[in-house]
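J.: here's a sequence, model it:
(4 chains)
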Protein chains: 2
Amino acid sequence: MNQDHKPEGKQSFIAAARREQIIEAAVQTLDDIGYVNASLAKIAKRAGISTALISYHFSDKNDLMNHLLIKLVERSTSYVLERVNQGHTPEEKLEAFIAASLAYQVTHPAHQTALIEIIFNARTPEQVPYYKLDADEDEEDALVSTLQHILREGQQQGVFGNFHVAIMSNVIQGAIGEFLLNPSTKDVDLETYSSELISIIQQATKKL
Amino acid sequence: MNQDHKPEGKQSFIAAARREQIIEAAVQTLDDIGYVNASLAKIAKRAGISTALISYHFSDKNDLMNHLLIKLVERSTSYVLERVNQGHTPEEKLEAFIAASLAYQVTHPAHQTALIEIIFNARTPEQVPYYKLDADEDEEDALVSTLQHILREGQQQGVFGNFHVAIMSNVIQGAIGEFLLNPSTKDVDLETYSSELISIIQQATKKL
DNA sequence: AAATTAATTGATTAGTTAATCAAAATAATA
DNA sequence: TATTATTTTGATTAACTAATCAATTAATTT
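T.: Numbering: from 1, shown residues only, chains lettered A, B, ... in the order given. Reported below is the predicted structural model:
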């Protein structure tokens, strides 16, 4: 899996900046024309550099997309976790999780689109699409495990009911993900969606 | 939008069969290697015909994908609606909707994968991705409107609470969609997921 | 059976793709 | 400054891409 032939540890300042620039251009290109049309030539043109320079800094297109994916996941994860950590009770944390996840989507639409484009298009060398990929044991999704931890904590403290944690987690994540995807809520603004979704989840998680 | 240069009304038996065969080969190809790699040549090879024959029966690749998409949506829709219509009360219909939607995914994984591949890859001539596309007023999603109708009916009969219908609909659809996508529930079997999700949604929709 | 229409193919086209490489430019180091 | 290492480019390559078209085969109609 991790066979980068460009060691990142001791990369020069200029190389780091260039890589950053290429990644940023790739994000914009993905948001603009989608993964299918996002060729190295298009990305290079947007960055104002030659295509060969991308090949110099990234081993191949997949390598570029992987770095891009990691960066985007890191950003949204830290955004959400920062806000979750402000809460003290499971209820507060759960509310913060939902509100922050939705807010990030609205404030960073290009990132979110680029993320979707990669997840639903990129494939491993063995042709397994990313969206079918299990999170590896070691590098599992921080957001998922955080959410599940909140839910379990609430159950142990007796404030949440006796639901199936992984499935409740899916319900919450699904509802968050559907916000920008499902057109049936495209005329519902963020504040309404956020507060109504929180109400629904509060009732669903409540101990009877 | 609807400018097919191959009128479907009076197509011969042989043409209909060939089109059907091409669509089926396309479904398998999408499931197998994904939209990005699913060239006309690959689809033709799987069908055992020449690429030119695809062009003869479909105006272009997009036309093929659109027919494919329509067929897949029709199948899953009729599968779910048949089972929903067995129910008499809003509670029964809602339960049937969830159970049938999940069951279809499990019994028709290749169709579901092909559907995902198209929705997240195909684009209109104006480069708008399908997943960002609003359902047209006339041809809106039958499943979405059915689900919302069930929810509204339950509210009017006083068996459901006072939630936001469009958002509750999103919650339900999101949880259904996450089932095959989210790896955190990959070791939860259909029966468990189905019954647990139904429990969660029953509590969420319940009138307090 | 002859004539006409429909279906199918193989070859070809013009365009794009990711990736490579020698050469040139720039920066860092001695 | 001279030398060496890094960064960047332009040109090139071989593999694919969707789509077209004249020629061929198969089916249908007269």
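J.: use CA for all of it now, contacts and neighbours both
T.: OK.
J.: which residues are in contact with A:Leu181?
T.: A:Leu181 makes contacts with B:131-132, as judged by C-alpha atoms under 8 Å, 6 or more residues apart in numbering or on different chains.
J.: count the residues that sit near A:Asn66.
T.: By other C-alpha atoms under 10 Å in any protein chain shown, 14 other residues sit near A:Asn66.
J.: walk me through the domains of chain A.
T.: A:11-58, A:72-205 (automatic domain parsing).
J.: same list (those domains) but as CSV, adding mean pLDDT and distance to B:Ile201.
T.: Output for the domains of chain A, formatted as CSV (pLDDT from 0 to 100; distance: least, C-alpha to C-alpha, whole Å):
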stretch, mean pLDDT, distance to B:Ile201
domain A:11-58, 96, 34
domain A:72-205, 94, 7
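J.: and these as TSV, adding distance to B:Met168?
T.: Shown next, in TSV, are these (distance: least, C-alpha to C-alpha, whole Å):
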stretch	distance to B:Met168
domain A:11-58	28
domain A:72-205	7
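J.: find the nearest non-adjacent residue to the most centrally placed residue in chain A, please.
T.: For chain A, the residue nearest the mean C-alpha position is A:Val73 (4.1 Å; C-alpha atoms, centre = their mean). Of all residues not flanking A:Val73 in the chain, A:Leu115 sits nearest, at 7.9 Å (C-alpha to C-alpha, 6 or more residues apart in numbering or on different chains).
J.: about what we covered before: tell me the SS of the residue nearest to the centre of chain A?
T.: Classification of A:Val73 using DSSP: H, G, I helix; E, B strand; the rest coil returns helix.
J.: and if you look at A:Gln86?
T.: Taking three-state DSSP, the label given to A:Gln86 is coil.
J.: chain neighbours aside, what residue packs nearest to it?
T.: Using C-alpha to C-alpha, 6+ apart, the nearest residue to A:Gln86 is A:Lys93, at 7.5 Å.
J.: and that neighbour, what does it touch?
T.: So A:Lys93 contacts A:84-87, A:150 (C-alpha under 8 Å, 6+ apart).
J.: before we move on, the earlier item: mind putting the domains of chain A into a markdown table with distance to DNA strand C?
T.: Below are these laid out as a markdown table (distance: least, C-alpha to the nearest atom of the strand, whole Å):
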| stretch | distance to DNA strand C |
| --- | --- |
| domain A:11-58 | 3 |
| domain A:72-205 | 11 |
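J.: still on that earlier bit, filter the contacts of A:Lys93 down to the buried ones.
T.: The neighbour count (16 or more other C-alpha atoms under 10 Å in any protein chain shown) marks A:84, A:150 as buried among the contacts of A:Lys93.
J.: just give the nearest non-adjacent residue to A:His164, would you?
T.: Nearest residue to A:His164, sequence neighbours excluded (C-alpha to C-alpha, 6+ apart): B:Glu196, at 6.7 Å.
J.: burial measure for the one you found, as a count.
T.: Neighbour count of B:Glu196, defined by other C-alpha under 10 Å: 17.
J.: hmm, A:Ile167 and it touching each other?
T.: Yes. With contact defined as C-alpha atoms under 8 Å, B:Glu196 counts as touching A:Ile167 (7.3 Å).
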